[in-house]
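>>> Sequence and predicted structure below; questions after.
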Amino acid sequence: MKEEILNIPTPFGEPLILYKNRWGPENGDSLSIVSGLQGDRLNGLMVASWLSRFLNDIEAGKETGYQIRGTIQIFPIVNYKAWETGNPVWHFDSQDVDLTFPGMEVGELTETVCNAVIRHTAEADYGLILQTGEKHYEDAPHVKLIDPNRKRRNLARSLGLHIGREVEEPPSLVLSLARQWDLMGLHPFILSAGKTQTYHPRYCDLLMDGIVNFMRTEGLLSHNREKASLREMAFFDAQNECPVLTREAGLFYTESVIGTAVGKGDKLGEVRDLYEGGVLEEVCAPEEGYVVTLRDHPMVHEKELVAVLLREKNQRWFWPFG
Amino acid sequence: MKTQTLLSRSSPLGSSLNIVKQTFSAHRGKPVQRVSFVSGLHGDELEGLYLCHRLIQALRQLQETQPEVFQGEVHVYPAANPPALNQGTRLWPFYGSDMNRMMGPHPGASLPVQISQEIFKDIKESSDLVVDIHASNLHLKELPQIRIIEEFSEELLPLALQTHTDIIWIHPMAGVFESTLGYNLNKSNIPSLVVETGICLRIEPDFVNRLFHGMMHLLHHQGVLASLPADIPSIPSPQVVYPRGVAQASAKHSGLFVSRVAVGQRVGEDEIIGQLLDPVEGVVLEEVTAPGNGLLFTLREQPVVHSGALLARVALDREPKP
């Protein structure tokens, strides 16, 4: 059911309206899914739309065997003004929405928008934020865990993305939605896959499959025959992330594949001179690891980040039967 | 004066990204104190660049004519974010990153994160006192002021009183400050004053002139300069305001705000300071009134507002009773 969460008049006529979709009973376990925090991250938007249709179909009896047991909310668009231009932020205030939570009930537009999302998700038990890699980088599908513990690792396993990245949450990120949810007592997870400005169908399929499995595992959805499953997953902590930097400035030609394992010394790509095309540097993996983030834009400065490897040591595997 | 490039990165286009620091050393022996001035973290805030120019110009002249006056050391970082300054944007243009939200502990290794961290480290290692100079954003014009977070006020207020600002505003901590230069330096026990003045993309020569006099007095007060040039006038005391001493007017409607007053003007409670207009229907939506008696130190300049937007702040003559 589509509901307004905010309706603000604009100076020139048409109001700005933000919506959420909501399904299920008021008093069950509750999941909130948020996409569209930045105006250039398409995968989350596509997943939110697909999930909404799927849940509408269940409600209409078109998805045989499924029943909605808990409260599910989806907020497809948050930074409405940024989506109007396809940019990550609204140029009017240049403010990163994901550093503006909890916002203010009465304040500047971006603050009001963030506050509306916080108010509508305050009662949830779980929160999923749909993201992509940062601008100019592609992320392999993975789950980011804030303040990880046994319970959260178990929850993450049902999201089915195989890689759990236990991210640092320094004080500088206190105004992110995930951190605010964490402070409010929700279990927050950031699902990141792909890159900005690009719709990646295979990643979206993975995300949708994982989210539906999560809903079923946590009892928000049920199916009369099929069982939900916990899935194999490797967790990597922040200390074991290995950033790979260039030595030279130029054009970076990648030779590695996102989401694959590389060995120490394996070639990740090369930097070539922009004007003459000569090879300036071969960029190699300083250690073995899993390529979770890869540079997508070829132009690089000296000491530019071109890849993030998740190193194998200290990973914790959780098997479906474990 | 010694010019240092504190960091340099080759660009793929062939040029270099250089961050420059100008240093005026003590005439002889160990400096009594090391004071740093930083501007241009946001590339559309130009008041600080002009202030740095005034300081460098005056200090160069002083060093040439009376080198013995220098008892301490002065560092000036006039352009901390050259890519954004070159584009006239608040954010680092290629990434859309806010450098003043990446200071202190911060995850990631993108170029803006690396540069922010290196600047922070250099300032921290070479300063006993820092002045971080900002202009306002696109929307609001500010009287020259120093903003101090309550927890640092005991140490910072005596320093701030030496500067020629109209207002010293002591305000509560908020999450947004966690990743700023000023907050993180203060947390590292390096007293740091944050100046806000004027509006972005413009220079108010009178405001900067007063700040220039104030900063010279600060250097004298700290013993960095044994005496002041004869043309530096004495300075009046600023008005110190605490959280309850600031009242603000916000828009109750969305529309065009047309003001009738100017920053620096004294206003009376309920005095009309502007109108909110509906440009489509041609009607006056709201007569905007001053929220109290006092000094108008913030005023909306960008007229397009959504309901809830800040229109004006007044430093009250008398704090309201709790």
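Ah, there it is. Residues are numbered from 1 along each chain as shown, chains lettered A, B, ... in the order given.

>>> alpha carbons only for contacts and neighbour counts from here, please
Will do.

>>> which residues does the closest residue to chain B within the stretch 201-322 of chain A contact?
In the stretch 201-322 of chain A, the residue that lies nearest chain B is residue A:250 (4.1 Å; Cα to the nearest Cα). By Cα atoms under 8 Å, 6 or more residues apart in numbering or on different chains, the contact set of residue A:250 is A:271-274, A:280, A:298-302, B:11-13.

>>> what does residue A:110 give?
A:79, A:95, A:97, A:100, A:103.

>>> That one falls within a helix, correct?
Yes: judged by DSSP: H, G, I helix; E, B strand; the rest coil, residue A:110 forms part of a helix.

>>> Pull up the gap between it and residue B:161, please.
35 Å (Cα to Cα, to the nearest Å).

>>> ok, now residue B:82?
Distance from residue B:82 to residue B:161, by Cα to Cα: 31 Å.

>>> tell me which parts of the stretch 201-322 of chain A are close to chain B?
A:243, A:248-251, A:273-274, A:299-305 (Cα under 8 Å from any Cα of the partner chain).

>>> same thing but at 10 Å, please
A:238, A:241-245, A:247-252, A:271-275, A:298-308 (Cα under 10 Å from any Cα of the partner chain).

>>> Do you have the helices of the stretch 1-150 of chain B handy? List them.
Remark: helices assigned in the stretch 1-150 of chain B by DSSP state H, counting those that start in this stretch are B:47-65, B:82-87, B:111-126.

>>> what's the closest of these to residue A:67?
helix B:111-126 (46.2 Å; Cα to Cα).

>>> That closest one and chain A, any residue contact?
Yes: using Cα under 10 Å from any Cα, helix B:111-126 reaches chain A at B:111-112, B:114.

>>> And chain A, split by domain according to the record?
Following automatic domain parsing, chain A resolves into domains at A:2-232, A:241-312.

>>> Over to chain B?
B:2-240, B:245-316.

>>> Columns mean neighbour count and mean pLDDT on top of those, output as a markdown table?
Output for the domains of chain B, formatted as a markdown table (neighbours: other Cα atoms under 10 Å in any protein chain shown; pLDDT from 0 to 100):
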| stretch | mean neighbour count | mean pLDDT |
| --- | --- | --- |
| domain B:2-240 | 20 | 97 |
| domain B:245-316 | 20 | 97 |
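
>>> For residue A:284, find the nearest of those domains.
Using Cα to Cα, these put domain B:2-240 closest to residue A:284, at 17.2 Å.

>>> End to end on that closest one, go ahead and measure it.
37 Å.

>>> now stretch B:239-259
End-to-end for stretch B:239-259, by Cα to Cα: 24 Å.

>>> Skipping its backbone neighbours, what lies nearest residue A:187 in space?
residue A:126 (4.7 Å; Cα to Cα, 6 or more residues apart in numbering or on different chains).

>>> Burial check on that neighbour, number of neighbours?
21 (other Cα atoms under 10 Å in any protein chain shown).

>>> Could you pull out the buried residues of stretch A:201-213?
A:203-204, A:206-213 (16 or more other Cα atoms under 10 Å in any protein chain shown).

>>> Among the domains of chain A, which comes closest to residue B:154?
Nearest of the domains of chain A (Cα to Cα): domain A:2-232, 23.4 Å.

>>> what does the stretch 101-250 of chain B have sitting close to chain A?
Checking the stretch 101-250 of chain B against chain A by Cα under 10 Å from any Cα, the hits are B:101-112, B:114, B:137-139, B:174-180, B:184, B:250.

>>> re the thing from before, measure the residue of the stretch 201-322 of chain A closest to chain B to residue A:297 for me?
Relative to residue A:297, and taking Cα to Cα, residue A:250 is found at 11 Å.

>>> quick revisit: could the domains of chain B go into CSV alongside distance to residue A:195?
As requested, the domains of chain B are exported to CSV (distance: least, Cα to Cα, whole Å):
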stretch, distance to residue A:195
domain B:2-240, 13
domain B:245-316, 32
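
>>> Quick one, which of these gets closest to residue A:4.
Closest approach to residue A:4 among the domains of chain B is made by domain B:245-316 (17.5 Å; Cα to Cα).

>>> That closest one: end-to-end distance?
Using Cα to Cα, first and last residues of domain B:245-316 are 5 Å apart.

>>> do stretch A:84-101 and chain B meet at all?
Yes: counting by Cα under 10 Å from any Cα, chain B has neighbours in stretch A:84-101: A:87-89, A:91-96, A:99-101.

>>> Which of those residues are buried, as a PyMOL select command?
The buried subset of these, as determined by 16+ other Cα under 10 Å, is captured in PyMOL by this line:
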select buried, chain A and resi 87+88+89+94+95+96+99+100+101
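
>>> from the stretch 201-322 of chain B, which residue is nearest to chain A?
Counting by Cα to the nearest Cα, the stretch 201-322 of chain B gets nearest chain A through residue B:255, at 4.0 Å.

>>> pLDDT score assigned to the closest residue to that residue other than its chain neighbours?
Once flanking residues are discounted, residue B:255 sits nearest to residue A:11: 4.0 Å by Cα to Cα, 6+ apart. The model reports residue A:11 with a pLDDT of 92.

>>> ok, now which ones touch residue A:11?
Applying Cα atoms under 10 Å, 6 or more residues apart in numbering or on different chains to residue A:11 gives the contacts B:253-257, B:276-280, B:303-307.

>>> Between which two of the residues you listed is the distance greatest?
So, the contacts of residue A:11 by Cα to Cα: farthest apart are B:280 and B:307, at 16.2 Å.

>>> ok, back up a step: can you tell me how far the residue nearest to residue B:255 sits from residue B:249?
18 Å.

>>> before we move on, what about residue B:142?
15 Å.

>>> which SS state does the residue of chain B most remote from its centre fall under?
Distance from the C-alpha centroid of chain B, by Cα atoms, centre = their mean, peaks at residue B:281 (39.2 Å). Put simply, residue B:281 is coil when judged by three-state DSSP.
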